[in-house]
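[1] Sequence plus the predicted model coming up.
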Amino acid sequence: MRQVLAFFGAFNPPTMAHVMMAQKALQETGKEGVVFVPSKMTYISGEQGKNYAFGDMQRLSMLTRIKATRPWIEVCDHELLADHQPRTYETLCYLRDEGYEPSLLCGADKLEEMETVWKYADRIAQEFGIVCMERSGQDVRKMIRESSFLRNLSEYIIVVGSEQNYQDVSSSQVREILFRIAQLKHQLNELVPEEIIDLL
């Protein structure tokens, strides 16, 4: 079975931080690849309350393009094609059935939520293992020590450092820049004749 890290998220849109942090985790764990698993648009806008979500196929297309030049990346459309938003545990089981040996790759913020927000967190840890990316200023090992829930799962958790250059990059920042660009384009269209826009 192919040993991989399963990286779940909105990827709304995917950023260089997603790519570089996944690559760093891959290098530190010695796994064979990273499977990006985008969640459904309805989940992003409904459950997560994001102000804007790129469409399912649009985000899938973005990830597929990123994958084209990075052979260590794979993309799984299982959650996008499901008739509901599957739980992480369900998708990990699906990946296992497809011939992978997946471990969950997540950030410290997700690890912190596991006791209260996640379903099947203990089963995810025990059956698949968790690789947690630690950003600067975070102390994941201390977080684990101070939580009885995480402490009981500590033997299944691997903590890895993340790529320093992309510590503060987020999909929210990218969306804000895209909105500003769209506003500026609209303003430009009002200032100059449309026949010369492409010449500017």
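    Looks like it came in fine.

[2] which regions of the protein sit below the pLDDT cut-off?
    43-52, 162-167, 174, 199-200 (pLDDT under 70).

[3] Please enumerate the helices of it.
    For the chain, helices defined by DSSP state H occupy the ranges 16-29, 41-42, 56-68, 78-81, 88-97, 108-113, 121-128, 140-146, 148-152, 171-191.

[4] Between those helices, which one is closest to Asp198.
    In terms of Cβ to Cβ, the element of those nearest to Asp198 is helix 171-191, at 11.4 Å. Every residue, glycine included, has its C-beta placed from N, CA and C.

[5] now the helices of the chain in JSON lines, with mean neighbour count and distance to Phe7?
    Putting the helices of the chain into JSON lines (neighbours: other Cβ atoms under 10 Å; distance: least, Cβ to Cβ, whole Å) gives the following:
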{"stretch": "helix 16-29", "mean neighbour count": "19", "distance to Phe7": "5"}
{"stretch": "helix 41-42", "mean neighbour count": "16", "distance to Phe7": "18"}
{"stretch": "helix 56-68", "mean neighbour count": "16", "distance to Phe7": "10"}
{"stretch": "helix 78-81", "mean neighbour count": "16", "distance to Phe7": "12"}
{"stretch": "helix 88-97", "mean neighbour count": "18", "distance to Phe7": "11"}
{"stretch": "helix 108-113", "mean neighbour count": "18", "distance to Phe7": "11"}
{"stretch": "helix 121-128", "mean neighbour count": "18", "distance to Phe7": "13"}
{"stretch": "helix 140-146", "mean neighbour count": "14", "distance to Phe7": "17"}
{"stretch": "helix 148-152", "mean neighbour count": "14", "distance to Phe7": "20"}
{"stretch": "helix 171-191", "mean neighbour count": "11", "distance to Phe7": "13"}
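
[6] Redo these as TSV? Include distance to Ala6.
    Listed next are the helices of the chain as TSV, based on distance: least, Cβ to Cβ, whole Å:
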stretch	distance to Ala6
helix 16-29	10
helix 41-42	20
helix 56-68	14
helix 78-81	10
helix 88-97	6
helix 108-113	12
helix 121-128	8
helix 140-146	19
helix 148-152	19
helix 171-191	19
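
[7] Which among those is found nearest to Gly9?
    The stretch from the helices of the chain with the least distance to Gly9 (Cβ to Cβ) is helix 16-29; that distance is 7.1 Å.

[8] ok, back up a step: which one of the helices of the chain lies nearest to Gln3?
    Across these, closest to Gln3 is helix 16-29 (Cβ to Cβ), at 8.6 Å.

[9] How much space separates Glu113 from Leu105?
    As judged by Cβ to Cβ, to the nearest Å, Glu113 and Leu105 stand 15 Å apart.

[10] ok, now Glu146?
    Computed with Cβ to Cβ, the distance linking Glu146 and Leu105 is 23 Å.

[11] Same question for Phe8.
    As judged by Cβ to Cβ, Phe8 and Leu105 stand 8 Å apart.

[12] thought Val140 was touching Leu111?
    Yes. Between Val140 and Leu111 a contact is recorded at 6.7 Å, counting by Cβ atoms under 8 Å.
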